[in-house]
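Enquirer: With the input below, show me the fold.
(chains A and B)
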Number of protein chains: 2
Amino acid sequence: MQDRTYTADAEPGSDATVAGWVHEIRDLGGIAFLILRDTTGKIQIKFEKDEMDDELVETGLDVSRESVVKVSGAVEEEPRAPTGVEVTPESLEVLAPADPELPLDPSGKVDADLSTRLDNRTLDLRKDEVQAIFEIRSEILRAAREAFREFRCTEITTPKIVATGTEGGTELFPITYFGEEAFMNQSPQLFKQLIAGSNVERVFEIGPIFRAEEHNTPRHLNEATSIDFEGAFCDEHDAMDVAEGVVTAAYEAVAENCSEELEALGLEESFEVPDGEFPRLSYEEAIERINATGELDEQLVWGDDLPTEGEKALGDDVGGHYFITDWPSEIKPFYIQDHDDDEGLSTGFDLMHPRMELVSGGQREHRYEQLIEGFEQQGLDPEQFDYYTKMFKYGMPPHAGFGLGGERLIMTILGLENIREAVLFPRDRQRLSP
Amino acid sequence: MQDRTYTADAEPGSDATVAGWVHEIRDLGGIAFLILRDTTGKIQIKFEKDEMDDELVETGLDVSRESVVKVSGAVEEEPRAPTGVEVTPESLEVLAPADPELPLDPSGKVDADLSTRLDNRTLDLRKDEVQAIFEIRSEILRAAREAFREFRCTEITTPKIVATGTEGGTELFPITYFGEEAFMNQSPQLFKQLIAGSNVERVFEIGPIFRAEEHNTPRHLNEATSIDFEGAFCDEHDAMDVAEGVVTAAYEAVAENCSEELEALGLEESFEVPDGEFPRLSYEEAIERINATGELDEQLVWGDDLPTEGEKALGDDVGGHYFITDWPSEIKPFYIQDHDDDEGLSTGFDLMHPRMELVSGGQREHRYEQLIEGFEQQGLDPEQFDYYTKMFKYGMPPHAGFGLGGERLIMTILGLENIREAVLFPRDRQRLSP
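Expert: Numbers count the residues shown, from 1 in each chain, chains lettered A, B, ... in the order given. As a prediction, this is how the structure comes out:
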């Protein structure tokens, strides 16, 4: 298909071969138009019935919507055409006819529920606004990686088949691995730490994670994309700087490189890049501010986890992204270090978007004895994690890191209602196919 | 650790705080040196015993190798030091002591077998030449993505938990998904085709694939990184152009951006970027040339798959990368299209490195009836793949693509002996941890 011209590149005054889907046919009697759609946009194909070969006219106007056609002809300016140009066909070939009964209308004139859309993603992705989400997703991933590289990180790939989960055997999908029990990994946590302890020092990974959680909400997935960072000689403040930098870089890239996509989503006016630094509130400040909003029936006290309504109230109050730092140790994972001067206070942090949590991170426990104690307090057998813990005996530097939910990032950047809109083929309790 | 200076950035005439691992201690009597190593290199720390605080000297010289220390002091030029500079410490802190009994010697003076290295990756990755492999891996992945974007591709993420495998139920790892049987995906093949059939048109994905093959060779992994391309309105020649472009871009990026790493691997002299276009031999030419080498005991005939010795003989004969095209249909997967003018001849192709196969691709079957027939001929029930086949009824354009083995690419670029050296934590029949 070397001779194909994208519709957006078809120059008036030239001959071109365009190919794409039949978006619409408008038959006005003596004249008719076929609107052909490809990845770059749409172009008008003009049929003047009396002046053109009958067979060509018939083929072009009898073809069903969403069929794939290839058209060659002269491109001319035509101010009344949707894109200001039109093609007068000299030849037209139907490359793939479409069944006239479509399970989903890609022109978007008929609404479809999310489940029908996901069952027919190929058709769904022919809509400008759905294509736009995934073009933006691609750009966000590119920008995140570039930002990590600017923070001197090396990209790593950690295994998805593992012998033990990060936080023990709960919420793991079991797999049979050559007769042995194994699991699909719920987080690259332990592996990225093992690499941060080497000369690579600073690492990132963007990859799948698998969680057998029974949640079925608009913001949970059982297979998700995790954007992970871990850095030797970093503390929690450094990790927050990196999280802030990566999230901001994603917004900036969308603003800079995705104007057409934002327009397709109706966001061209409202889209804003977060400005400056995200406020860093301590957990203590956070519960005070939540209590002060009066939105909760019951006042929060030290040690409470933040309920969803509390996060929402605080998000409205702050009005943008913010960090919550200095959590009570008991509600943060055992591999997060406590502050030296206060054992009850964790170095763990969360990065919040007003709508939901995006990032969880902190300085890690790098001291062997304390790490073993942490496993035991968690009710986990440190022996089972020997492949991990033993490396802490051989010069494990202080290090910090975070995990950022990829789909949550996309969802909050674009204001999507359901996290399933941010992933091509979502996996949840009900959905295993396609 | 905001005040830390990388050893490579320590400027003579300034004060700096450096942090890293104790690589070596050389005690010459009145004077002693500690060589400190971080991700950027090594720096000499000088101890003049009579002129310095006794406690500082004792802490600095009693510390065990691979312990993590932080040193602050004046940086001065010293032509006799390994990097031309040295630090006279004003303070020294041991951040993480290392057990003097190391399971692996990161200085590389004592050889370790691959299994010991993989069991102790953190220590293994403190060796320059091992760190270099993974810095280069990171660069290769970056360059591959950039090349795909230049070919107007969108990055996609397809699910790794699936209801059915690409080629049926063989060689799949079974997983229990909320009580249902599911599998870990062996290839994004079907999903990337579903997206190529939408307005996204051209896609790439770099992600994990899982194959329950019982192979246990230096070039097979049970969890590997697949570099996938699929493009609407592309034929097999276009797909070969993309494969050639991506592989060449990876070599170019390594040559351009990884000179230190190539030096660490001893490849600075011998490394070569493949020049020009890779020859495209038909299967028929390939077997003729193999037969002509006289390396095989038995002559190959039409329809034979190429044995490893045959590939080797041809690789030596060609002396670089090459494509094999126009395979007999029966030894290519059913989703590859045959040539219009010869039903026994497939549009499938392989991209070969003289050492091994890197890429498999072709033009796909986009015609619904022929696709259903293909499933049946393969002994697969098309009903089970309904989520995939039904989209071929609604305007599936001609399309082509390929899968490129990520670790094989890295392995051949760097001349690694074993594919396990190209992945941080390999998975094979024996190895599930770490």
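Enquirer: Can you name the residues of the stretch 301-434 of chain A that neighbour chain B?
Expert: Contact residues (Cβ under 8 Å from any Cβ of the partner chain) of the stretch 301-434 of chain A with chain B: A:366-367, A:387-388, A:390-391, A:393-398, A:423-427, A:429, A:432-434. The C-beta positions use only the backbone N, C-alpha and C, and glycine is treated the same way.
Enquirer: same thing but 10 Å
Expert: The stretch 301-434 of chain A comes close to chain B at residues A:366-368, A:384-388, A:390-400, A:406-407, A:422-434, as judged by Cβ under 10 Å from any Cβ of the partner chain.
Enquirer: Buried subset of the residues you listed, written for ChimeraX?
Expert: Selection command for ChimeraX covering only the buried members of these, criterion 16 or more other Cβ atoms under 10 Å in any protein chain shown:
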select /A:366,367,368,385,387,388,390,391,392,393,394,395,396,397,398,399,400,406,407,422,423,424,425,426,427,428,429,431,432,433,434
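Enquirer: give me every residue that touches the residue of the stretch 151-300 of chain A found nearest chain B.
Expert: Closest to chain B within the stretch 151-300 of chain A is residue A:198: 3.3 Å, counting by Cβ to the nearest Cβ. Going by Cβ atoms under 10 Å, 6 or more residues apart in numbering or on different chains, residue A:198 touches A:232, A:391, A:395-397, B:21, B:39, B:106, B:121-127, B:130-131, B:134, B:424.
Enquirer: pLDDT below threshold where in chain A?
Expert: Within chain A, the segments meeting pLDDT under 70 span A:1-2, A:166-170.
Enquirer: Walk me through the domains of it.
Expert: As recorded under the TED database, the domains making up chain A are A:14-96, A:123-279+A:320-421.
Enquirer: which one of the ones you listed is the most hemmed in?
Expert: Stretch with highest mean neighbour count among the domains of chain A: domain A:123-279+A:320-421 (a mean of 20; mean count of other Cβ atoms under 10 Å in any protein chain shown).
Enquirer: Figure out the length between the terminal residues of that one.
Expert: 14 Å (Cα to Cα, to the nearest Å).
Enquirer: In contact with residue A:81, which residues?
Expert: With Cβ under 10 Å, 6+ apart, residue A:81 has these contacts: A:33, A:35, A:42-46, A:87.
Enquirer: wait, which of those is closest to chain B?
Expert: When those are compared for distance to chain B (Cβ to the nearest Cβ), residue A:42 wins out at 10.3 Å.
Enquirer: Please confirm that the closest one is located within a strand.
Expert: Yes: counting by DSSP: H, G, I helix; E, B strand; the rest coil, one finds residue A:42 located in a strand.
Enquirer: Chain neighbours aside, what residue packs nearest to it?
Expert: Nearest-residue entry for residue A:42: residue A:35, 5.4 Å, with adjacent residues in sequence omitted and distances by Cβ to Cβ, 6 or more residues apart in numbering or on different chains.
Enquirer: one step back: mind picking the two most distant members of the contacts of residue A:81?
Expert: The span of the contacts of residue A:81, defined through Cβ to Cβ, is set by A:42 and A:46 at 13.7 Å.
Enquirer: in the stretch 251-400 of chain A, which spans are strands?
Expert: Using DSSP state E, counting those that start in this stretch, the strands of the stretch 251-400 of chain A run over A:280-282, A:322-325, A:338-339, A:342-346, A:349-353, A:356-363, A:399-405.
Enquirer: what sits up against the fourth one?
Expert: Translated: strand A:342-346. A:236, A:282-284, A:302-303, A:325-333, A:336-339, A:362-363.
Enquirer: how about the helices in the stretch 301-434 of chain A?
Expert: Assigned by DSSP state H, counting those that start in this stretch, the helices in the stretch 301-434 of chain A fall at A:308-318, A:368-377, A:386-389, A:406-414.
Enquirer: From the contacts of residue A:198, which land in helices?
Expert: Judged by DSSP state H, these include B:121-124, B:130-131, B:134 as members of helices.
Enquirer: Also near chain A: which of those residues, exactly?
Expert: B:121-124, B:130-131, B:134.
Enquirer: So which of the residues you listed is the closest to residue B:13?
Expert: Closest approach to residue B:13 among those (Cβ to Cβ): residue B:131, at 29.2 Å.
Enquirer: what sits against residue A:247?
Expert: A:140, A:144, A:147, A:227, A:274, A:278, A:321, A:351, A:353, A:358-359, A:404, A:409, A:412-413.
Enquirer: tell me which residues form a beta bridge with residue A:35?
Expert: Beta-bridge partners recorded for residue A:35 (DSSP bridges): residue A:24, residue A:44.
Enquirer: Report the contact partners of it.
Expert: A:7, A:20-26, A:42-45, A:65, A:81-83, A:86, A:107.
Enquirer: now do residue A:141
Expert: Taking Cβ under 10 Å, 6+ apart, one finds A:206, A:225, A:227, A:250, A:253, A:406, A:409-410, B:145, B:155-157 in contact with residue A:141.
Enquirer: quick one: which of those residues is nearest residue B:246?
Expert: For those, the nearest to residue B:246 is residue B:145 (9.2 Å; Cβ to Cβ).
Enquirer: would that closest one count as being in a helix?
Expert: Yes: remark: residue B:145 belongs to a helix, assigned using three-state DSSP.
Enquirer: can you pull the contacts of it?
Expert: Neighbour list for residue B:145: A:138, A:141-142, A:145, A:155, B:153, B:155, B:204-206, B:227, B:246, B:249 [criterion: Cβ under 10 Å, 6+ apart].
Enquirer: Which ones among those residues map onto helices?
Expert: If you go by DSSP H, the contacts of residue B:145 have A:138, A:141-142, A:145, B:246, B:249 in helices.
Enquirer: Could you measure from the residue with the largest distance to the centre of chain A over to chain B?
Expert: The C-alpha centroid of chain A is most remote from residue A:50, which lies 51.4 Å away (Cα atoms, centre = their mean). Plainly put, residue A:50 is 29 Å away from chain B if you go by Cβ to the nearest Cβ, to the nearest Å.
Enquirer: Contacts only, for the residue nearest to that residue when sequence neighbours are not counted.
Expert: Leaving aside its chain neighbours, residue A:50 sits nearest to residue A:30 (6.4 Å; criterion: Cβ to Cβ, 6+ apart). Residue A:30 is in contact with A:47-51, counting by Cβ under 10 Å, 6+ apart.
Enquirer: Dump the residues you listed into a markdown table; add secondary structure and distance to residue B:257 as well.
Expert: Output for these, formatted as a markdown table (DSSP: H, G, I helix; E, B strand; the rest coil; distance: Cβ to Cβ, whole Å):
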| residue | secondary structure | distance to residue B:257 |
| --- | --- | --- |
| A:47 | strand | 53 |
| A:48 | strand | 56 |
| A:49 | helix | 59 |
| A:50 | helix | 62 |
| A:51 | helix | 58 |
